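In: Just a sequence and a predicted model for now, questions to come.
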Amino acid sequence: MNSGVYVVKAWLERNKRFSFYKPGSVKDRKYGKHKFSPGFYLYVGRAMRNLGARIRRHQMDKKAIHWHIDRLLRKADGMMAFMYENYDAKNECRIAGEFMKKYDCVDGFGSSDCKCRSHLFYVSGITEKQLDKVIKRVMDKICHKWK
């Protein structure tokens with residue numbers, strides 16, 4: 001696969017507190033640690049090339065921290081990725097917009113290069129199977145429409 005959009009579904013089994021900014025940075029000092037509750041987290045991202053390699057990187061336990069999602073995945077109890085090969089970079093924000101209608105977001109997470117409020121969403125009160133169906137339905141809707 002070359003370029004495309006993806007949704008990482010990560011889960012936490014208990015409360016965790018951490019900053020998603022570089023330790024000691026101005027933003028880290030300003031915003032501090034964020035509380036992450038148990039449940040599912042959906043992160044919407046894109047890869048301009050090497051989509052499969054990006055997903056494999058997200059799955060690695062030991063890696064350099066480049067993006068906000070790296071800090072969450074380091075704390076997560078598990079993760080799974082959904083990918084869609086698609087050349088329209090705007091689909092990342094379109095998918096995030098659909099999740100924004102349904103789920104709570106973590107302000108500022110993963111959206112520093114766009115105008116979206118967030119690219120990370122918290123989901124609870126739904127089974128994993130139901131959530132997987134929602135993810136697939138949203139990705140199919142957006143990626144087929146804007147192909």
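Out: Looks like it came in fine.
In: Going by C-alpha atoms from here, please, whenever you check contacts or count neighbours.
Out: Fine.
In: where's the nearest residue to Y6 once chain neighbours are set aside, which helix or strand?
Out: Among residues not flanking Y6 along the chain, M83 sits closest, at 4.3 Å (Cα to Cα, 6 or more residues apart in numbering). Applying DSSP states H and E as the criterion places M83 in strand 78-85.
In: Distance check, the most centrally placed residue in the chain against A81.
Out: Nearest to the mean C-alpha position of the chain, by Cα atoms, centre = their mean, lies Y43 at 1.1 Å. Relative to A81, Y43 is positioned 9 Å away (Cα to Cα, to the nearest Å).
In: Overlap of the contact sets of the two?
Out: V7, V8, K9 (Cα atoms under 8 Å, 6 or more residues apart in numbering).
In: What residues does the nearest residue to F36 once chain neighbours are set aside make contact with?
Out: The shortest distance from F36 to any non-neighbouring residue, by Cα to Cα, 6+ apart, is to K16 (5.2 Å). K16 makes contacts with K35, F36, S37, K75, as judged by Cα under 8 Å, 6+ apart.
In: out of these, which one sits closest to L51?
Out: K75 (22.8 Å; Cα to Cα).
In: Next up, the contacts around the closest one.
Out: L12, K16.
In: for it, phi and psi?
Out: Here is the backbone geometry of K75 (degrees, to the nearest 10): phi -100, psi -20.
In: gap between it and E13?
Out: 10 Å.
In: Now, the shared contacts of Y43 and A81 that are in strands?
Out: Among the shared contacts of Y43 and A81, DSSP state E puts V7, V8, K9 in strands.
In: Point out where the protein drops to low pLDDT.
Out: Segments of the chain classed as low confidence (criterion: pLDDT under 70) are 1, 21-22, 27-31, 87, 145-147.
In: What are the boundaries of the strands in this structure?
Out: Using DSSP E, the strands of the chain run over 4-12, 16-18, 34-36, 39-47, 78-85, 104-105, 120-123.
In: With I65 as the reference, name the closest of these.
Out: Nearest to I65 among the strands of the chain is strand 16-18; the distance by Cα to Cα comes to 13.9 Å.
In: how far does that closest one sit from the chain's center?
Out: 17 Å (Cα atoms, centre = their mean, to the nearest Å).
In: before we move on, what about stretch 115-129?
Out: Worked out by Cα atoms, centre = their mean, stretch 115-129 lies 8 Å from the chain centre.
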